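Sequence and predicted structure are below.
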Amino acid sequence: MHKELLIILLISSKLVIIHNLLIDCNKYSTTSRLQYYKIKSCHKSSASVIFWKRVTNLQECKEVARERGGMAFNFSPAEAQNLSKFYMPNCHVLACPQIGNDSTLTMDLAYDYYSAYGNWNVTQNATCIKAIGLFTLNADNQNYSQNILTCQSNSGDLADVTSEYRSTMLAQMLNTSITDWHKLAYVGLNDLFIEGAFTNSFGKPLVCSNYRAWAPGHPRSKHESEDCVTLDSEKLWRVVRCNKVKLRGVCEVYPHKPPRNIEGVPQNVSCGGISRRQYAKIKRCLEEKMIFRIYQNATRIDKCGLVNFIY
């Protein structure tokens, strides 16, 4: 019996070695390019500014925000330059986006607010970790797969912990959010496909990261059924049985575009496909086209007034 177990362990270890040798970590080394969306014209966020610069156009401001790890920014377009001091930076990179709603955005005719997180409903109750992203904690104790489904239903997945900063900050989040004495939760790390070859929720193998935070004795090679990883408030990783152990899960919210025209800017709609019998719909469509023409030819101040009137 002991001989058979030893053979199984040797085969498993060789599979992991071969798997690791075949991995091309270069394709996981580049960070994803955040996409930013205009959320509200003529408004700015009062969130913490991590960098500011005078740029020539919107695209340059987006690139600066990506380079600095910003999740949102305030930008003053050329048409609004006369509404602010010419020597002031017109690109303000923000550490965190607005969360839940736009109630903390302040009206400022010189700026527009952009964010990588455009759906207010998805960010409800989220916690921002600067330069990393938005995170939520599932309300109920569930097994690993149930936690994944809950995260995915809220436009996310179990959180990546394969860096010291991530593990440290998420451990602090658990410490303040969980009242139980055992402050731990499921995170996005498992070896469900190949024993010993851990990958995160986004497919990145652990072998491509230099950081490890295993608790003493973990991962436990003698317990092959323990495939799913938890993080505790001491920033330690532990493996548990995915289907048997029920815990809360830490979700990482995906960046996302707005579900609709939430900023209220008039759109150039087409009325051609509307039946003549739908008088009310035709009337509304023609009104929208008229407002769009007025908006296109308006001054910056008039545009701001029009947007706020519509919104």
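Received it, and whenever you're ready, just let me know what you need. Residues are numbered from 1 along each chain as shown.

thought Asn125 was touching Gly100?
Yes. Asn125 lies in contact with Gly100 (CB atoms under 8 Å); the separation is 7.4 Å. C-betas here are computed from N, CA, C, even on glycine.

Can you tell me the element Ser46 falls in?
For Ser46, there is no host helix or strand (DSSP states H and E).

What residues does it make contact with?
Going by CB atoms under 8 Å, 6 or more residues apart in numbering, Ser46 touches 104, 106.

which regions of this protein lie under the pLDDT threshold?
Residue ranges of the chain with pLDDT under 70: 1-23, 28-32, 84-87, 221-224, 260-268, 306-311.

where along it do the helices fall?
Ranges of helices in the chain, per DSSP state H, are 2-22, 26-29, 58-67, 144-153, 164-177, 279-296, 300-310.

residues near Asn200, how many?
By the criterion of other CB atoms under 10 Å, Asn200 has 23 neighbours.

which residues does it contact?
160-162, 188-189, 206.

Now list the buried members of those.
For these, a burial check counting by 16 or more other CB atoms under 10 Å picks out 160-162, 188-189, 206.

Strands - which of the residues you listed land there?
Among these, DSSP state E puts 188-189 in strands.

now the buried ones among the contacts of Asn200 as TSV including distance to Phe51?
Output for those, formatted as TSV (distance: CB to CB, whole Å):
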residue	distance to Phe51
Asp160	24
Val161	26
Thr162	26
Gly188	29
Leu189	31
Leu206	31
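
What ranges does the stretch 101-250 of the chain have for its strands?
106-107, 112-115, 127-129, 133-137, 156-158, 184-190, 199-200, 226-232, 237-241, 250-253 (DSSP state E, counting those that start in this stretch).

Could you spell out the sheet neighbours of the third one, each with its direction?
Okay, so that is strand 127-129. The pairing partners recorded for strand 127-129 under DSSP bridges are strand 133-137 (antiparallel).

ditto for the last one
Partner strands and pairing direction for strand 250-253 (DSSP bridges) are strand 133-137 (antiparallel), strand 156-158 (antiparallel).

Tell me the one of the buried ones among the contacts of Asn200 nearest Arg68?
Using CB to CB, Asp160 is the member of the buried ones among the contacts of Asn200 that lies nearest Arg68, at 20.2 Å.

Name the nearest residue to that closest one, ignoring sequence neighbours.
Of all residues not flanking Asp160 in the chain, Asn200 sits nearest, at 4.7 Å (CB to CB, 6 or more residues apart in numbering).

And His218, its phi and psi?
phi -110, psi 150 (degrees, to the nearest 10).

and it, what is it in contact with?
His218 touches 237-239, counting by CB under 8 Å, 6+ apart.

Next, find the distance separating it from Ala197.
15 Å (CB to CB, to the nearest Å).

next one: Thr104
Thr104 is 44 Å from Ala197, by CB to CB.

Among these two, which residue is more densely surrounded?
Neighbour totals were compared for Thr104 and Ala197, and Ala197 leads with 20 against 11 (other CB under 10 Å).

For Lys246, which non-adjacent residue is closest in space?
Asn141 (4.3 Å).

what's around that neighbour, how many residues?
A total of 15 residues lie near Asn141 under the criterion other CB under 10 Å.
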